[in-house]
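> Any chance you can model this:
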Amino acid sequence: MKLTTEEILNYHLGGKIGMRVTKELRGLRELCLAYTPGVAVPVKEIAKDPSCLFRYTAKSNLVAVVTDGTAILGLGDLGAEASIPVMEGKAVLFKAFGDVDGWAVPLNHCRMNGANSGKTDPQRVIDAVCAIAPMYGGINLEDIAAPACFEIEDRLDAMLDIPVFHDDQWGTAVITLAATMNYTLLAGRPMGELRIVINGAGAAGIRICEMLKAAGAGHVILCDSKGVIRNERQDLSGKKKEHAVHTSARTLSEALVNAHVFIGVSVANCVTGADVKTMAPYPAIFAMANPDPEILPDAVAEALSGKPYVMATGRSDFPNQINNVLGFPFLFRGALDVRARSITMEMKVAAAKALATLARQPVPDEVNSLYGTRLSFGANYIIPKPFDRRLFMEVPAAVANAYVTNSGAPGFDPAVYARNLAQRDQSRTFLGS
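As a prediction, the model looks like this:
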């Protein structure tokens, strides 16, 4: 699929989001209900009981998509203003896939010394998000550079009574875990026995490492631009130090010898065909750097010359696209519906399991028709496609059930919730359908 610059800019003319009024305003009576004098009634109710916000305002379905523009896509630090098309795009995906109302919140003056350039000042971002939090049922952090993003998410999650989720950290991690779970079935190798190598120790790489370990992976080597993150290195701090390992491998190439799984969230062309040849039989190569992966699928096919393997990228023009859109709309749908105070590790793992399970089910004709092929579980189809409507039913239900199981939610009935999701699915306008 080729897109021209002119076509892209025309699509973005006027922006991609706006306001949808949910109540009619046709005459004087509705005006009195919507504003003065009627609006004073819910104001007083909320003043008496702040939990009424979820009932009498849009808070229950509204998520702030927050950024300071320090790590936009693969483009880097281009500032809050330049981030807005991405934040609007995120809001579009929230609505189209999860029926969640997202709103772009780009933040200026959140850098060191209050400037609009330079490193993120975590405290300024935290203060800004806390200031706007009363309106929102959840906070989706986006495109905030590491290491500040770790502190920001952890502190906000502890401070606020609504879920806080940094998608660059956890979105890719959830989908990667789902793909890895299905690889274990195809390869006949338990998670605990996999030898996994992750290249890229930024926000995504660190959280992928943590999610894999939470799901039972016991042998994970993390690499950065200087090579393997080993205990012997003197330049490690923070999250990198937590995941340092004892190993004789020094370079990415050395780490890949006899590895079962390669996960790349780094830079283009850092893995060669010769590297792939040294991996264990039936390897999985998840090369997710965008737009150019760590190694192209054609190079893997040539290196392994007919031998079985699993290949995934972050691109839509190759099989097995590991894309965040399979995660965040549905995680927030489930979290909002049970009024979760946090999106826990159990909820993230539940989402990954639901995605993995769905990929093993027969694919509906409408999905096959959209992609012009017959999809079935196997090396070229290990995770669902974003346009599969079943995602809206399966993933939020798994997320909600995981929260209730671990945190409790009075009166929650999984069967009732499933029916509510089905009704919501029927009433929403889903993309082109």
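> can I assume residue 222 is in contact with residue 229?
Yes - between residue 222 and residue 229 there is a contact at 4.6 Å, judged by CB atoms under 8 Å. Any C-beta I mention is one placed from the backbone N, CA and C, and that applies to glycine too.
> so what are the domain limits for this structure?
Listed by automatic domain parsing, the domain ranges of the chain are 5-162, 168-433.
> Need the ones you listed in TSV (columns: mean pLDDT).
Formatted as TSV, these follow (pLDDT from 0 to 100):
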stretch	mean pLDDT
domain 5-162	92
domain 168-433	92
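> which stretches of the stretch 151-300 of the chain form helices?
Assigned by DSSP state H, counting those that start in this stretch, the helices in the stretch 151-300 of the chain fall at 167-187, 203-214, 238-242, 252-256, 273-277, 297-304.
> Ok, which of those helices comes nearest residue 52?
In terms of CB to CB, the element of the helices of the stretch 151-300 of the chain nearest to residue 52 is helix 167-187, at 29.4 Å.
> Would you mind pulling up the elements that that closest one packs against?
Secondary structure elements in contact with helix 167-187, counted by 3 or more CB pairs under 8 Å, 6 or more residues apart in numbering; DSSP states H and E, are strand 138-141, helix 148-159, helix 203-214, strand 261-264, strand 284-287, strand 310-313, helix 328-337, helix 345-359.
> Please name every helix or strand in contact with the last one.
Taking 3+ CB pairs under 8 Å, 6+ apart as the contact definition, the neighbouring helices and strands of helix 345-359 are helix 167-187, helix 203-214, helix 328-337, helix 390-407.
> distance between the helix or strand that comes right after it and the chain's centre?
Next helix or strand after helix 345-359 toward the C-terminus (DSSP states H and E): helix 365-371. Remark: helix 365-371 is offset 24 Å from the chain centroid, using CA atoms, centre = their mean, to the nearest Å.
> Residues contacting helix 365-371, please?
374-375, 385, 387-389 (CB atoms under 8 Å, 6 or more residues apart in numbering).
> Stretch 413-431 now?
So stretch 413-431 is in contact with 96-97, 99, 337, 387, 389, 392-393, 396-397, 400-401, 404, going by CB under 8 Å, 6+ apart.
> Any buried residues in stretch 355-371, and which?
355-359, 363, 367 (16 or more other CB atoms under 10 Å).
> Tell me which two of those residues sit farthest apart.
356 and 367 (16.7 Å).
> Comparing the helices and strands packed on helix 345-359, which comes out most buried?
helix 328-337 (a mean of 27; mean count of other CB atoms under 10 Å).
> Just give me how far that helix sits from the chain centre.
Relative to its chain's centre, helix 328-337 lies at 11 Å (CA atoms, centre = their mean).
> what's the angle between that helix and helix 167-187?
Interaxial angle, helix 328-337 versus helix 167-187 (axes from the mean of the first three to the mean of the last three CA atoms, to 10 degrees): 110 degrees.
> Which neighbouring elements make contact with helix 328-337?
Going by 3+ CB pairs under 8 Å, 6+ apart, helix 328-337 lies up against helix 80-98, strand 138-141, strand 164-166, helix 167-187, helix 345-359, helix 390-407.
> Quick one, which of these gets closest to residue 43.
Nearest of those to residue 43, taken as CB to CB: strand 138-141 at 23.2 Å.
> List of residues touching that closest one?
Residues contacting strand 138-141 (CB under 8 Å, 6+ apart): 62-67, 90, 94, 102, 129, 133, 149, 152-153, 156, 160, 162-168, 328, 332, 335-336.
> May I see the ChimeraX selection of the buried members of these?
Buried subset of the contacts of strand 138-141, written as a ChimeraX selection, criterion 16+ other CB under 10 Å:
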select :62,63,64,65,66,67,90,94,102,129,133,149,152,153,156,160,162,163,164,165,166,167,168,328,332,335,336
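> rewinding a little: would you format the helices of the stretch 151-300 of the chain as JSON lines with distance to residue 194 included?
Formatted as JSON lines, the helices of the stretch 151-300 of the chain follow (distance: least, CB to CB, whole Å):
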{"stretch": "helix 167-187", "distance to residue 194": "7"}
{"stretch": "helix 203-214", "distance to residue 194": "8"}
{"stretch": "helix 238-242", "distance to residue 194": "20"}
{"stretch": "helix 252-256", "distance to residue 194": "13"}
{"stretch": "helix 273-277", "distance to residue 194": "16"}
{"stretch": "helix 297-304", "distance to residue 194": "18"}
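> right, and residue 360 touches residue 375 too?
No - Residue 360 is beyond contact range of residue 375, at 11.5 Å (criterion: CB under 8 Å).
> sorry, back to before: which neighbours do residue 222 and residue 229 have in common?
201, 240, 243-245.
> Nearest to residue 218 among those?
Closest approach to residue 218 among these (CB to CB): residue 245, at 10.9 Å.
> Report the separation between residue 380 and residue 61.
Distance of residue 380 to residue 61, computed by CB to CB, to the nearest Å: 36 Å.
> now do residue 310
Residue 310 is 37 Å from residue 61, by CB to CB.
> OK, contacts around the spatially most central residue of the chain?
Nearest to the mean C-alpha position of the chain, by CA atoms, centre = their mean, lies residue 171 at 1.8 Å. For residue 171, the residues meeting the contact criterion (CB under 8 Å, 6+ apart) are 324, 327-328.
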